[in-house]
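In: just the structure for this:
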Amino acid sequence: MPDSLQHVTDPFAKFQEWMAEAWTHEPEDANAMTLATTGVDGMPSARIVLLKGFNEKGFAFYTNYNSAKGQQLLAWPRRGSTWALFDKESGKALFSRRC
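Out: Model (predicted):
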């Protein structure tokens, strides 16, 4: 997937394009993403979550507020996320994005 990110004027429209392509390649779990948070001890923690939706205000994902992840987000709401899509037959990455 060629990228010209320096020419992107609407990052959410670009993300919508990436997700549309992801759904064509991986219809079962194209919305799976890695979510990284930081605990109050400063240690990073990452896990797979499902993207529920997104708009110009940000990304929404499924979570349990009582989980360690939920507690980390309440204490320190900054997070990082990564999407990767792999070809099931070859195992090669089709694309990977960090938000």
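In: so where does Tyr54 fall, helix or strand?
Out: One thing to correct before we go on: residue 54 is Phe, not Tyr. strand 44-55 (DSSP states H and E).
In: lowest average confidence, helix or strand, in the protein?
Out: The least trusted helix or strand in the chain, going by mean pLDDT, DSSP states H and E, turns out to be strand 93-98, with a mean of 64.
In: just to revisit the earlier point, parallel or antiparallel, list what pairs with the following helix or strand past the strand holding Phe54.
Out: Where DSSP H and E defines the elements, the next helix or strand beyond strand 44-55 is strand 58-61. Using DSSP bridges, the strands paired with strand 58-61 in its sheet are strand 44-55 (antiparallel).
In: show me which positions of the strand it pairs with end up buried.
Out: 49, 51, 54 (16 or more other CB atoms under 10 Å). All C-beta atoms are positioned from the backbone trio N, CA, C, and that covers glycine.
In: go on, stretch 21-30?
Out: So for stretch 21-30, counting by 16+ other CB under 10 Å, buried means 22, 26, 30.
In: dihedrals phi and psi, the closest residue to the last one other than its chain neighbours?
Out: When you say that, I think you mean Ala30. Computed as CB to CB, 6 or more residues apart in numbering, the closest residue to Ala30 that is not its neighbour in sequence is Ala22, at 3.8 Å. Phi and psi for Ala22, reported as degrees, to the nearest 10, are phi -60, psi -40.
In: who's in contact with Ala22?
Out: For Ala22, the contact set (CB atoms under 8 Å, 6 or more residues apart in numbering) comprises 30-31, 83, 85, 95.
In: tell me which of those is nearest to Met43?
Out: Trp83 (23.4 Å; CB to CB).
In: that concludes my questions; thank you for your assistance.
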